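Visitor: I'll drop the sequence and a predicted model, then ask my questions.
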Amino acid sequence: MKPSLIKIPLLLACILLSGVASAERADRDKPMNIEADNMRQDDLKQTSVFTGRVVLTKGTIVVRGAQLTVRQDPQGYQFATVTAEPGKLAFYRQKREGVDEYIEGEGETIEYDGRADTVKFIKRAQLRRYLGPVLNDEMTGGIISYDNVSEVFNIDGGATTGTPSGPGGRVRAMLTPKPSAAASQPKAPAAALPAPVLRATPALGAGTQ
């Protein structure tokens, strides 16, 4: 059975989150740097396979996993697929553009599409947004995809690939509201009370005979 797609409340949550989670777009044009224990290059297919404690960096993007396959098309766009060790999750992190915010995600497989500028987390998918070091939003599902161009998240509960935190194809989301403008404004100092008025008092016995 095909996994059911997200319901309207989750779609609304994705729209709300999309407005505050724009990733660093300059990362798309940065070089891809990779460290691993082993590498196999296929010049004919323009693919490279890295295995063993793989770490990929591309601008503010950091990806970690057990195996990484990288392909480059004739136009120079890069595509990457990262898989985790059995029982573990591959890791992805990217800075939000212009502010101190980060997106972190995990999945058994992570796919990065340089042409479309999208990232997809597949099986036991998790996505978190941090404001500095503080966790702000968190979501889990079967598949989570993020479009960096349109700034929209899509979450599939994955009825056939339920997660421990979202069994049975259910999506779980924790979204922290942004502080209101009034709450974020500094409070005005309390108005100073008027100084007491001092009045002269006649001396004791004044006016007596």
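Guide: Arrived safely, thanks for sending.

Visitor: give the contact list for Gly174.
Guide: Slight slip there: residue 174 is Met, not Gly. Contacts here follow CB atoms under 8 Å, 6 or more residues apart in numbering; on that basis Met174 touches Asp137, Glu138, Met139. Every residue, glycine included, has its C-beta placed from N, CA and C.

Visitor: that should have said Gln41, apologies.
Guide: Thr47, Ser48.

Visitor: state the mean pLDDT of the helix or strand that contains it.
Guide: Secondary-structure element containing Gln41, defined by DSSP states H and E: strand 38-42. When pLDDT is averaged over strand 38-42, the result is 94.

Visitor: which one of the contacts of Met174 is nearest Lys123?
Guide: Of all those, Met139 has the smallest distance to Lys123: 14.7 Å, by CB to CB.

Visitor: related to what we said a few turns ago, the strand holding Gln41 pairs with which strands, and in what direction?
Guide: Counting by DSSP bridges, the strands paired with strand 38-42 are strand 47-58 (antiparallel).

Visitor: which among the contacts of Met174 gets closest to Arg128?
Guide: Proximity of the contacts of Met174 to Arg128 (CB to CB) peaks at Glu138, which lies at 4.8 Å.

Visitor: paired strands for the helix or strand that closest one falls within, with orientation please.
Guide: Using DSSP H and E, Glu138 sits in strand 134-147. Here strand 134-147 is paired, per DSSP bridges, with strand 118-131 (antiparallel), strand 152-156 (antiparallel), strand 172-175 (antiparallel).
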